[in-house]
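Visitor: Give me coordinates for this.
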Amino acid sequence: MPADLDADAPRIRADARAAIVRSSSRRALLVPAVIGLYVAATPHGPHRPVVIGVVAAMAAFAGATWWAAARIARSRARVGVQAAALVVNIVGSCALTMLEGGIASPLGVLLPSCVIFYAIMMPPRMFAVAAALTAVAYWTAALLGGPAPAGYAVVYTLGMGAVSYLCLRHAAALAGLRRRLAEVSRVDPLTRSLNRRGFDEQLEHAVAQARRTGQPVTLILTDLDKFKLINDTWGHQAGDDVLTATARTMNNALRDTDLVGRLGGDEFGALLTGTGPDDAPAIVERLRTALETGAPASLGYATCPTEATTVEELRRLADARAYADKTTRTGRTPAQRHVEQARKHTATPTTTRVTRTERRRRSIADMGRLCAADSSVAVVYAALFATHSPHRLTIGVVCALGVLYGVGVVAGAGWLSRSAYVRPMMALNAVLLFALAIVVPLLDGGVASTTGVGMLAPMPLIALGARLRVAVPWLALDAAAYLALAATVGNPGLAYPIMHLVGFGLVTAACAVQGSASAERRRRLTDLSQTDALTGLLNRRGVEDRITDRLRGGDPVGLVLVDLDGFKTLNDTAGHAAGDELLRWVATTLTAHAPPGSVVGRLGGDEFVALIPGADAQAVAEELRAALAPRTAASVGVAVPDSEGTGFAELYAHADTHLYAEKAVRRRGAAQDVAGVTVT
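Guide: Model prediction:
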């Protein structure tokens, strides 16, 4: 982090807090704005002067917090002001509900819709407080306000409580998913240590903190000796085992507070906080000794701020010392026992895993939970309060079936999310839920009945969990059905259905914005987690996922594995910067010369892969080799599905075998050429 940005960090945090205060104030203005329109449309309603006064007070408080957002953000009273804003909104909504006639009035939707809004905007602990205050306010309005149908307050409390809990749970799950994706985007898929992106972020932060506080931080760069020989002799799988064992060994040899990352190929880094230049040499030697069992390594280090003050200076000095270490010491040649030792001690570490169907599974399960919860509330209503309804038994039976159906959806969510028929099955599921939501209010007397809210209850969760192109048609259909039922069954008047639809519509819009923003962040994090930070190609994780998807299609394809010849020598003689530049050029060249529709990725180090559409993968492989020839020689291996397996792992193993068979033939040919020249 640059010094000026580091110095501006407090101001940036204050600006972020001010933005949050302004955003909360704008949201708080929605209630008085909507009620103002309602009052303007119903000028002859009861207590209009008092209602206008309450609305004006709520608007004035929200406007004042918006205007003073910067000062509030810098004040120690910031939390108190935000708590006061919450209380003003809840108390004002309660007062408006009672003034208008109670919870069964058109304004009875204010507090129920507010609690759903709090569920998607607040962390769990704060939401618990807000929900408790809202419940107290709602029941105050229920007891002191005008009369309501039997069970109205109970059904609304249970129903909105269930919807709010599910929205809170869904929002928390999405936030957790984003955190896990962020973690995955910074982890090397092979070694489970930090990848280059994650390590660089930590390094920049540590250097900025070292400059600010003077607390030293040491960077260690590790480069395995003659690692290319392991790959060339025993294959890439053996090399992968050694790399995994190297990361594991480095983590075990260092403190828990130290960080280890794979920077590319066989280059690793370690970040040691609180370690100065006096302590670093001993740690480097301890690390070198630990690595001897798996693969000999050259190491270099540099310390900030005593030896370097920027990330580039730190890297340059550590890299120079690693190169000096490589050239001055004898360096042992890796032997078969090193590979066997690595395989013996290599275990796949636990890591964060985000499945591709996880969000879909959660959304399906939450809709099942909502169906079960709403149906359970309706069963309670039918059993306790619908004593005078001629359709009491029918409502109870229909809702009991709804409970069973919802439980079944929750139980089968995992299978549904993985099914090839998930879209038509979820469309059928939506139709059934939609029908259930209409049937009960229809039997109970319309939208103003106790169970009328069941038609609106699913809207926020649909907007939060489904993509907009899927959610919008269903939400529009639900709203149209609600208005149609209001116009044909019972006599709720115009104000009641309009205000309820507006209240839930605003909350649904907020959920849609929240869900859309969350989906966009997940997409960006997913792209980062599958992208190689150096070349911009797919990384190992992205390659495996993308190729696995393509192989399921059954179209003719071929897997081409490309391994650069002499790349290790370039890194050791010209430095890693030159090697990085060549890797970026290779990535650009392969992408430009691969046929349209190819999947191109970097598996690690100087190993690239391409899934080629069509049947003539060998010819394409030769074209790619020729395209790379002006700057680097390359060995290639080709595998074709069916004849050499159908999965990525099988194709990769066959292509790797062919690649090293070709490499061995080329080495023998080169040796014969040298022998011939010598004889001459």
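Visitor: Domain parsing of this protein, as residue ranges.
Guide: Following automatic domain parsing, the chain resolves into domains at 148-182+357-525, 196-332, 540-679.
Visitor: wait, which of those domains is closest to residue 78?
Guide: For residue 78, the closest of these is domain 148-182+357-525, at 22.4 Å, according to CB to CB. Using the backbone N, CA and C atoms, a C-beta is placed for each residue, glycine as well.
Visitor: So for stretch 620-632, what gets flagged as buried?
Guide: 620-621, 624-625, 627-628, 632 (16 or more other CB atoms under 10 Å).
Visitor: what distance separates that stretch from the middle of the whole chain?
Guide: 38 Å (CA atoms, centre = their mean, to the nearest Å).
Visitor: pull the CA atoms of that stretch into CSV?
Guide: Extracted in CSV, the C-alpha atoms of stretch 620-632 (Å, rounded to 0.1, in the frame of the first residue of the first chain):
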residue,chain,number,x,y,z
VAL,A,620,-3.5,-28.3,-33.4
ALA,A,621,-0.8,-29.3,-30.9
GLU,A,622,1.8,-29.0,-33.6
GLU,A,623,0.5,-25.6,-34.6
LEU,A,624,0.7,-24.4,-31.1
ARG,A,625,4.3,-25.7,-30.8
ALA,A,626,5.2,-23.9,-34.0
ALA,A,627,3.6,-20.6,-32.7
LEU,A,628,5.7,-20.8,-29.5
ALA,A,629,9.0,-21.7,-31.4
PRO,A,630,10.2,-18.2,-32.0
ARG,A,631,10.8,-17.7,-28.3
THR,A,632,10.8,-21.1,-26.6
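Visitor: Can you list the neighbours in contact with that stretch?
Guide: Outside of stretch 620-632, the residues within contact range by CB atoms under 8 Å, 6 or more residues apart in numbering are 558, 560, 562, 564-567, 582, 585-586, 589-590, 592-595, 610, 612, 614, 634, 636, 638.
Visitor: Those in helices, which ones?
Guide: 567, 582, 585-586, 589-590, 592-593 (DSSP state H).
Visitor: Residues in contact with stretch 369-379: which ones?
Guide: For stretch 369-379, contacts defined as CB under 8 Å, 6+ apart pick out 155, 158-159, 162-163, 166, 395-396, 399-403, 405-407, 409-410, 433, 436-437, 440, 451, 454, 457-458, 461.
Visitor: quick one on the thing from earlier: take the domains of the chain and write them to a markdown table, including mean pLDDT and distance to residue 71.
Guide: Formatted as a markdown table, those follow (pLDDT from 0 to 100; distance: least, CB to CB, whole Å):
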| stretch | mean pLDDT | distance to residue 71 |
| --- | --- | --- |
| domain 148-182+357-525 | 87 | 27 |
| domain 196-332 | 85 | 27 |
| domain 540-679 | 81 | 47 |
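Visitor: Distance to residue 139 added to these, as TSV?
Guide: Output for these, formatted as TSV (distance: least, CB to CB, whole Å):
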stretch	distance to residue 139
domain 148-182+357-525	7
domain 196-332	49
domain 540-679	51
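Visitor: just so I know, which of those lies nearest residue 40?
Guide: domain 148-182+357-525 (12.3 Å).
Visitor: Quick one: end-to-end length of that closest one, please.
Guide: Terminal residues of domain 148-182+357-525 lie 49 Å apart, using CA to CA, to the nearest Å.
Visitor: now stretch 220-234
Guide: Distance across stretch 220-234, first residue to last, is 28 Å (CA to CA).
Visitor: Kindly report the same for stretch 441-453.
Guide: 8 Å.
Visitor: now swap in stretch 269-279 and tell me
Guide: Per CA to CA, stretch 269-279 runs 17 Å from first to last residue.
Visitor: what's in contact with it?
Guide: For stretch 269-279, contacts defined as CB under 8 Å, 6+ apart pick out 199, 202-203, 206, 215-222, 250, 254-255, 257-263, 280, 283, 287, 303, 306-307.
Visitor: Could you rerun that using 7 Å?
Guide: 199, 202-203, 206, 215-221, 250, 254, 257-261, 263, 283, 303, 306-307 (CB atoms under 7 Å, 6 or more residues apart in numbering).
Visitor: Helices along the stretch 101-250 of the chain, start to end?
Guide: 110-121, 124-144, 152-184, 196-213, 227-234, 236-253 (DSSP state H, counting those that start in this stretch).
Visitor: Show me which pair in the ones in helices among the contacts of stretch 620-632 is furthest apart.
Guide: Counting by CB to CB, the most remote pair of the ones in helices among the contacts of stretch 620-632 is 567 and 592, 19.9 Å apart.
Visitor: In terms of neighbours, single out the busier of these two.
Guide: Shown here are residue 567 and residue 592; by other CB atoms under 10 Å, residue 567 has more neighbours (21 against 9).
Visitor: and the gap between that one and residue 627?
Guide: 16 Å (CB to CB, to the nearest Å).
Visitor: was I right about residue 66 contacting residue 25?
Guide: Yes - using CB atoms under 7 Å, residue 66 makes contact with residue 25 at a distance of 3.6 Å.
Visitor: if you average pLDDT over the one helix or strand residue 19 maps to, what comes out?
Guide: Following DSSP states H and E, one finds residue 19 within helix 9-28. For helix 9-28, the mean per-residue pLDDT is 74.
Visitor: That one vs helix 196-213, what angle?
Guide: Computed with axes from the mean of the first three to the mean of the last three CA atoms, to 10 degrees, the direction of helix 9-28 lies at 120 degrees from that of helix 196-213.
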